[in-house]
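>>> here are the coordinates; sequence isn't available:
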């Protein structure tokens, strides 16, 4: 029983983004990319738990992106994944979540997978699309925003939990399947230094994106991005704080509540 | 392509591991440990768990066997959060290096392995009350009696000494023989006759424990001797040659922290209607600090890079250590100036950095000694 996990390298949340001259993306020049995407880390940890507690045998990790995305894969290997695949895309290839899903689906034809796992969404574009799209392209059921994952491998069933409006829902469904993981049962482990060094010796296969183009073209949507980014803008700068003048704490609270109700309209 | 400043993926990961540990585990404890002088051992245990201690122990004995550049990358990140904790975390590298250099396979097996299978601290015992740089003038003696040595004397300013389980000790079989008498021994802390002194109350590096150690008729088996009698001087010098560059990285980390604090503050703080960063007097300070931190790192990297290629680096490591620690003082000093009156207050982080930076000019070979080495090595090549 094999697990395939999908990771994405994202800009460091602390890095300062600038709009590229095209006005349709951010400028990657001088941007620091993190090795880890927080949501992916939680998901990789959950995948490792599947291997350690539920008898899944191999854990492979895949990413679609430029050569630097190897860093995200190495990080997953250092956490404990067994093998990695990088679908290496040229810098000028525009990617959108559906196209990424097609590339993963095309590569996954040659990678055994009983569970395909993704993070709830990427930390940069926050799209959360790849999981369900993968389900379509791989012709597998997909379950999103899953927590408390507990497989029953003998019956090829997964027991899962999902937060729904006002409560939570516990359900079971068959696998093979695609899962997007909301949060894992454990905090993601930090790769230790010895494991980082061991990860160097684990296999990492690079597939040039063009080698998969025929397979990607055969999928609905083809080898071009489905969506076209028209404009990319930064959020407006935050307005300054408003200081409340007061004589007594009661007065301060009263004025604050009034402002929250009437100006901020959050109450 | 003979020179390449790009780090490997693996090096970036090591850096990221250290950066995260520094940010999440060290930094939140740094101000308190500085104020109280407590020894945050749980931080050090966590560092050990992640593999951030004993970086230089070879893989066959359970260590990571990292090269100098890798060690420097990690050290800079740790020191960015707290110089004192970094000194205590790195002290094992210094204390175990004599065993790496001069130990027999049996000694390495016996002494290094326990450090990789469990959390232990070790201390490097070289400096004496009469001085640290004049190694040949040391007064701690060893006398052979049968299959044992008997050690008498006192060592001072020993990092982690009250908490260590093992000491690497340098002492002389005959003070008259100067450096030819110095001999290296591995001494278990629980040997009768060893007394660590009081925890020193220091200006900086307050999260690190420092004390004297007295040896009163301490008996050490002959099989704990590293190398031959009289080879200790060479062992000590070779050890310091390999740990000097990481001290440069440590100083660079402190300086980078000061630069970052000052830069952010200069963009937030306004005077005369604009951020102080837009006043040229402040902008020039920032520019000078940036240059110094950058140059220090490059000197550290060059020295480490050469050492990793097996080149002797007496000149390059001294330049790196001396320059990085001097600019750390300058940069921390200027950072306080950028903060103005606030920088002088303990509520702000920069005055601690200055106090921490100071030690880097003094320990592991004072900068005066470094300059003597630099001049000597340079002039040797000229004349």
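Structure's in. What do you need? What you see is a predicted model; the values in this text were computed from it and never measured.
>>> Every contact and neighbour count from this point should use C-alpha atoms.
OK.
>>> Could you chop chain A up by domain?
As recorded under automatic domain parsing, the domains making up chain A are A:2-218, A:236-267.
>>> how about the last one against chain B, any contact?
No: counting by CA under 8 Å from any CA of the partner chain, chain B has no neighbours in domain A:236-267; the shortest distance is 12.7 Å.
>>> gap between the two ends of that domain?
One end of domain A:236-267 to the other measures 24 Å (CA to CA, to the nearest Å).
>>> List the buried residues for that domain?
For domain A:236-267, burial by neighbour count (16 or more other CA atoms under 10 Å in any protein chain shown) applies to A:257, A:259.
>>> and stretch A:22-32, how far apart are its ends?
One end of stretch A:22-32 sits 20 Å from the other (CA to CA).
>>> Stretch A:197-216 now?
Where stretch A:197-216 begins and where it ends lie 35 Å apart, using CA to CA.
>>> Say whether chain B is contacted by it.
Yes: using CA under 8 Å from any CA, stretch A:197-216 reaches chain B at A:197, A:200.
>>> hang on, the earlier thing: will you turn the domains of chain A into CSV that also has mean pLDDT and distance to residue B:117?
What follows is the domains of chain A, written out as CSV (pLDDT from 0 to 100; distance: least, CA to CA, whole Å):
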stretch, mean pLDDT, distance to residue B:117
domain A:2-218, 93, 12
domain A:236-267, 88, 51
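>>> Could you list the domains of chain B?
Here the domain parsing of chain B from automatic domain parsing is B:9-117, B:122-228, B:234-382.
>>> touching chain A at all, the last one?
No: using CA under 8 Å from any CA, domain B:234-382 stays clear of chain A, with a minimum separation of 12.7 Å.
>>> Show the average pLDDT along that domain.
In this model, domain B:234-382 carries a mean pLDDT of 97.
>>> related to what we said a few turns ago, mind checking which of the domains of chain A is nearest residue B:219?
domain A:2-218 (36.4 Å; CA to CA).
>>> Could you work out the end-to-end span of that closest one for me?
End-to-end span of domain A:2-218 (CA to CA): 25 Å.
>>> counting contacts, what elements does the lengthiest strand in chain A pack onto?
Using DSSP state E, we find that the single longest strand of chain A is strand A:142-152. If contacts are counted by 3 or more CA pairs under 8 Å, 6 or more residues apart in numbering or on different chains; DSSP states H and E, strand A:142-152 sits against helix A:38-54, helix A:130-138, strand A:157-164, strand A:177-181.
>>> how far off strand A:142-152 does the first one point, in degrees?
Angular relation of helix A:38-54 and strand A:142-152 on a 0 to 180 degree scale: 30 degrees, by axes from the mean of the first three to the mean of the last three CA atoms, to 10 degrees.
>>> Wondering if helix A:38-54 reaches chain B at all.
No: figure legend: helix A:38-54 not in contact with chain B (CA under 8 Å from any CA); closest approach 12.8 Å.
>>> and the helix or strand following that helix, what does it pack onto?
Beyond helix A:38-54 in the direction of the C-terminus, DSSP states H and E gives the next helix or strand as strand A:58-65. Packed against strand A:58-65 by the contact rule (3+ CA pairs under 8 Å, 6+ apart) you find strand A:2-6, helix A:38-54, helix A:70-79, strand A:83-88, helix A:97-108.
>>> Pull the contacting residues for the residue in the stretch 101-250 of chain A that chain B sits nearest to.
Among the residues of the stretch 101-250 of chain A, residue A:192 lies nearest to chain B; the distance is 4.4 Å by CA to the nearest CA. By CA atoms under 8 Å, 6 or more residues apart in numbering or on different chains, the contact list for residue A:192 reads A:78-79, B:17, B:49-51.
>>> Nearest spatial neighbour of residue 36, chain-adjacent residues omitted?
Here I'm looking at chain A. residue A:72 (5.8 Å; CA to CA, 6 or more residues apart in numbering or on different chains).
>>> wrong one, chain B
residue B:206 (7.9 Å).
>>> For that neighbour, the count of nearby residues, please.
Using other CA atoms under 10 Å in any protein chain shown, residue B:206 has 28 other residues around it.
>>> Heading C-terminal from the top helix by length along chain B, find the next helix or strand.
Using DSSP state H to define each element, chain B has its longest helix at helix B:232-268. Heading C-terminal from helix B:232-268, the first helix or strand you meet, by DSSP H and E, is strand B:270-271.
>>> Other residues contacting that following strand?
With contacts defined as CA under 8 Å, 6+ apart, strand B:270-271 is touched by residue B:276.
>>> For that strand, which strands pair with it and how are they oriented?
Paired strands of strand B:270-271, with direction, are strand B:274-275 (antiparallel) (DSSP bridges).
>>> related to what we said a few turns ago, let me know which of the domains of chain A is the nearest to residue B:374.
domain A:2-218 (34.4 Å).
>>> Show me what counts as buried in stretch B:237-252.
Residues of stretch B:237-252 classed as buried by neighbour count (16+ other CA under 10 Å): B:238-252.
>>> actually stretch B:59-74, not the one I typed
Neighbour count says stretch B:59-74 has B:61-74 buried, by 16+ other CA under 10 Å.
>>> And for stretch A:37-52?
If you call a residue buried by 16+ other CA under 10 Å, then stretch A:37-52 has these buried ones: A:37-51.
>>> Let me see the contact set for the residue in the stretch 1-150 of chain B that chain A sits nearest to.
When scored by CA to the nearest CA, the stretch 1-150 of chain B has residue B:50 as its residue closest to chain A, at 4.4 Å. Shown in contact with residue B:50 (CA under 8 Å, 6+ apart): A:190-193.
>>> repeat that with 6 Å
Going by CA atoms under 6 Å, 6 or more residues apart in numbering or on different chains, residue B:50 touches A:192-193.
>>> Over to residue A:142?
Contact analysis of residue A:142 by CA under 6 Å, 6+ apart lists A:132, A:135, A:177-179.
>>> Leaving out the residues flanking it, which one is nearest to it?
Leaving aside its chain neighbours, residue A:142 sits nearest to residue A:178 (4.4 Å; criterion: CA to CA, 6+ apart).
>>> Likewise for residue A:197?
Once flanking residues are discounted, residue A:197 sits nearest to residue B:10: 7.2 Å by CA to CA, 6+ apart.
>>> if we can go back for a sec, identify whichever of the helices and strands packed on strand A:142-152 lies nearest to residue B:316.
Closest among the helices and strands packed on strand A:142-152, using CA to CA: helix A:38-54, at 40.1 Å.
>>> what's the angle from the closest one to strand A:58-65?
Calculated by the same axes, to 10 degrees, helix A:38-54 forms an angle of 160 degrees with strand A:58-65.
>>> just to revisit the earlier point, how many neighbours does the residue nearest to residue A:197 have?
Residue B:10: 19 surrounding residues under other CA under 10 Å.
>>> Now do it, the pLDDT please.
90.
>>> part of a strand, is residue A:92?
No: under DSSP: H, G, I helix; E, B strand; the rest coil, residue A:92 sits outside any strand and is assigned coil.
>>> mind checking how far it is from residue A:221?
Per CA to CA, residue A:92 is found 19 Å from residue A:221.
>>> quick one, which of those two is more surrounded?
The neighbour count for residue A:92 versus residue A:221, taken as other CA under 10 Å, is higher for residue A:221 (13 against 7).
>>> Helix, strand, or coil at that one?
coil.
>>> Spell out which parts of the stretch 51-200 of chain B neighbour chain A.
Residues of the stretch 51-200 of chain B lying close to chain A (CA under 6 Å from any CA of the partner chain) are residue B:51.
>>> got a list of what residue B:37 touches?
Residue B:37 sits next to B:206-207 when contact means CA under 6 Å, 6+ apart.
>>> repeat that with 10 Å
Residue B:37 makes contact with B:31, B:84, B:199-202, B:204-209 under the criterion CA atoms under 10 Å, 6 or more residues apart in numbering or on different chains.
>>> all strands of chain B, in order?
Using DSSP E, strands in chain B cover B:122-125, B:141-145, B:148-159, B:166-172, B:182-188, B:194-196, B:210-221, B:225-226, B:270-271, B:274-275.
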